[in-house]
Each structure stands twice: as structure tokens, then as C-alpha cells.
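**Q** got a predicted structure here, sequence first:
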Amino acid sequence: MLLDGAGRAAPTVFAEMSALAARTGAINLGQGFPDEDGPRVVLDAAHAALDAGLNQYPPGRGRPELLEAVAEHQRRFYGIELDPGREVLVTAGATEALAATVLALVDDGDEVVTLEPFYDAYGAVIGLAGGVHRTVTMRGAEFSVDHAELRAAFSDRTALVIVNDPHNPTGTVRDAATRQLVVDLARRHDAVLVTDEVYEHLLFDGAAHVPLSTLPGAAERTLSISSGGKTFSTTGWKIGWLTGPEHLVSKVMTVKQYLTFVNGSVFQPAIAVGLGLPDEWFAGLAAGLQRKRDVLADGLAAAGFSVAPSRGGYFVVADAAPLGFPDAADLCRRLPELAGVVGVPVSAFCHEEAAVEHASRIRFAFCKRTEVLEQAARQLAALRV
């Protein structure tokens, strides 16, 4: 995932498509970042921290107010009890937490299981660690997980399993049976569970987030990763965190100190404020994003795409095959000219074999202003002509 076919360093698909949007002036629905600021109280807290002089290195584990806020958040929403001084670690976004975890816990030849399609950083950091990436392809229009294939992906060489729920790029939410099977398989093969939960507060249609660490037998082997960027529309701040058993968190911290060391001194107190916002704010966040999902999904359907259900996150997947476009990667490079919109082909989140199955599908982001989504839908309708 780090190199192209000629062995050269390859840019991410996000960089390629965002550059295409910038060059053409197209509406960028390719990369998952909001075009509106987050809650005023969170922004004001960052200004206050800056004015208070919190401009030097924060403590290596993270500022105490954020460590405590993360622990309280886990207790408040999920009933998880944590020691903020030993079982919480602040990171430079969720991606650093993921990278430090894989580098800390995976040796040459160890196997790491993920679903496929997968967030592209998974493949990259597994490769950096010398691990072997084993995937379970999500199949069909609703990206279902075959339990027999899931069982077959595990072996006594499995060191980690990474579970992204809600899932990027598909917008799916795992069902209870699949969640429990993952935990059972991790226990059977003595693997560590790593959960990517950055979209934990962005669920729709009555779906509820269930952390794997709350399931029987999971807590002692689970590292849970999340961040403030998606929840508070502060993706550029790069404030993430990792929670779990002290012995696992300590291993990750040992690696993390040689990556960024520390980050975001003035942003950490602000995210702590955000995590303390009332339940009504979090409910309103999800409801507002659900309305935006509906605007884009309805527009894509009206334009002739086949649209997969999205139950969480920032993204909806649309199949361009009904419009006569079997190759989404080619279409995405042409979309700025054809419709003035940028998306990302789902095949970019896959190895070669799974890429064939998802060849005609495109991921579009709906974390934009409603008027932007409405304009994008009108422009995409031109594909039917």
C-alpha cells in the first residue's frame, strides 16, 4: 500500500483526488473533512488555552484534563471504567494511535486481520511493521461479512485484528453476531483487538455504537482508538486517544514517543471541553448529519446511482454501474469534467482481488453544508444525460 507497481512511493488516493478538486474547482466530496466549524465552546476553549500560554510540550501521555475527559466519556457513554493516568494515551489523531499500536505489537511475519475495503492507513502501517495483512472481503450491495470467511482469516499467527466500526468507507455498522464472533476468534487465537471508533457518535436510523471492549472476554485484550476530529469538526487539530489495559497502552506509548512525541498542547483542553458537552448536543450532531446523508443519498439515487445504506460515519457508497460506468476509478478521474464533483473509488480501499468486486463503486462524503450537497446532486444528475 506504500508503493506503486514500479516500487515508487505512491500518494494516497485522498491526496490525488483533493488535488484534482483544487485544480478543477470541482466540489470535493472525496475527502472526509467538514466545511463548517465545530461548536463555538470548543473553539473558544482552544483560544483560551493559547492565551493562557499552553504553547510548550504537554505531558507525554497527554494533558490531565483530556485524559480525565476521555475516561469520563467512556464511563458516561459505555459504562467503561478507566484509570486516566494509566489506561489512556493522547495521540496525534487516531492514525498515529493506530500506527503506534501496530508498530508496537506486530513483528515480522505476524498476521493482522481487517475487513476489506479498509481505511488505507491500515495496509500502510501493517507493511511498515513487517506484518502480513489478512482481509475478509465485505460482499454484496450491503457489504455483509461472511462468518466462515472471517473464521478462515484467523490463525495462530494472528497478532492483531483491527475493527473499524462504524466502517469507513462503507458506512456500515457491525451486527451483534459479527462483533461477538470477532471477540471469540481473538480469544481463541490470543490476538489483540484494536478498534477504530472515530465515527462513534455519528450513527443514523436508530443505530447504537457498541464498543467491542464491552463484550464478554474482550476488555483485557482490546485497545480502543478514537479522536475529536470527526465529532467536533476539527480534523486539522489531530487530537486522538487510545484506551485499554495498562500493559498494552504502555507498549504503544513506548513507540508513540518516537513518532510525534507530543502534539496539540492548546487543542487538548479544547477537546476535553467538547467531550463534556451534554447528551443533547451529541444527539443533534448525529441527527443533523443524517439529514445531510439523506440529501446526498437521495440526489445520487435520482441521478441513477445505486446507493448502499449508510448507517454511520461521513460517507455513502454509490454504484455507478447502472449509469454505464463499470470502472469507478476511471470515472472518478473524469467526474470533475463530467459533473464538477470529486469522489473516491472504493477500489482504492482494496487489494487487487477485492477491488474487482467493488470496481464500480464510489465513496462520497456528506459532511458538507447542505447547499453544497444539493449543488453536487444537481451536477451529478448530468451523468444521466
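**A** Arrived safely, thanks for sending.

**Q** please count neighbours and contacts with C-alpha atoms only from this point.
**A** Fine.

**Q** distance between the ends of stretch 23-36?
**A** 22 Å (C-alpha to C-alpha, to the nearest Å).

**Q** residues contacting that stretch, please?
**A** Residues outside stretch 23-36 that contact it (C-alpha atoms under 8 Å, 6 or more residues apart in numbering): 14, 17-18, 20-21, 230, 233, 235, 314-315, 336, 340-344, 363-369, 372, 376.

**Q** quick one: average confidence on that stretch?
**A** Averaged across stretch 23-36, the pLDDT comes to 93.

**Q** may I see the buried residues of that stretch?
**A** Of the residues in stretch 23-36, 26, 27, 28, 29, 30, 31, 32, 33, 34 count as buried by neighbour count, 16 or more other C-alpha atoms under 10 Å.

**Q** just to revisit the earlier point, report the buried members of the contacts of stretch 23-36.
**A** Here the buried ones among these, as counted with 16+ other C-alpha under 10 Å, turn out to be 14, 17-18, 20-21, 230, 233, 235, 314-315, 336, 340-344, 363-368, 372, 376.

**Q** in helices, which of these appear?
**A** Of the positions in the buried ones among the contacts of stretch 23-36, 14, 17, 18, 20, 21, 336, 372, 376 sit in helices, assigned by DSSP state H.

**Q** give the contact list for the first one.
**A** Contact partners of residue 14, counting by C-alpha under 8 Å, 6+ apart, are 30, 31, 344.

**Q** so which bits of stretch 186-199 are buried?
**A** Result for stretch 186-199 [16+ other C-alpha under 10 Å]: buried residues 186, 187, 190, 191, 192, 193, 194, 195, 196, 197, 198, 199.

**Q** now swap in stretch 224-243 and tell me
**A** 224-235, 237-243.

**Q** then stretch 207-214?
**A** Residues of stretch 207-214 classed as buried by neighbour count (16+ other C-alpha under 10 Å): 209, 210, 211, 212, 213.

**Q** make JSON lines out of these and add distance to residue 159, pLDDT and secondary structure.
**A** Formatted as JSON lines, the buried residues of stretch 207-214 follow (distance: C-alpha to C-alpha, whole Å; pLDDT from 0 to 100; DSSP: H, G, I helix; E, B strand; the rest coil):
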{"residue": "209", "distance to residue 159": "25", "pLDDT": "97", "secondary structure": "coil"}
{"residue": "210", "distance to residue 159": "23", "pLDDT": "98", "secondary structure": "coil"}
{"residue": "211", "distance to residue 159": "20", "pLDDT": "98", "secondary structure": "coil"}
{"residue": "212", "distance to residue 159": "17", "pLDDT": "98", "secondary structure": "helix"}
{"residue": "213", "distance to residue 159": "17", "pLDDT": "98", "secondary structure": "helix"}
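
**Q** residue 277: which of those is nearest?
**A** residue 209 (17.9 Å; C-alpha to C-alpha).

**Q** correct me, but the closest one touches residue 196?
**A** No - taking contacts as C-alpha atoms under 8 Å, residue 209 lies outside contact range of residue 196: 11.9 Å.

**Q** before we move on, back to that, next, give me the two most distant ones among the buried residues of stretch 186-199.
**A** 190 and 199 (27.0 Å).

**Q** next, give phi and psi for residue 105.
**A** Dihedral angles phi and psi of residue 105 (degrees, to the nearest 10) take the values phi -110, psi -10.

**Q** can you give me the neighbour number for residue 248?
**A** The number of residues packed near residue 248 is 19, by other C-alpha atoms under 10 Å.

**Q** and it, what element?
**A** Using DSSP states H and E, residue 248 sits within helix 246-256.

**Q** I'd like the distance between residue 351 and residue 345.
**A** Computed with C-alpha to C-alpha, the distance linking residue 351 and residue 345 is 13 Å.
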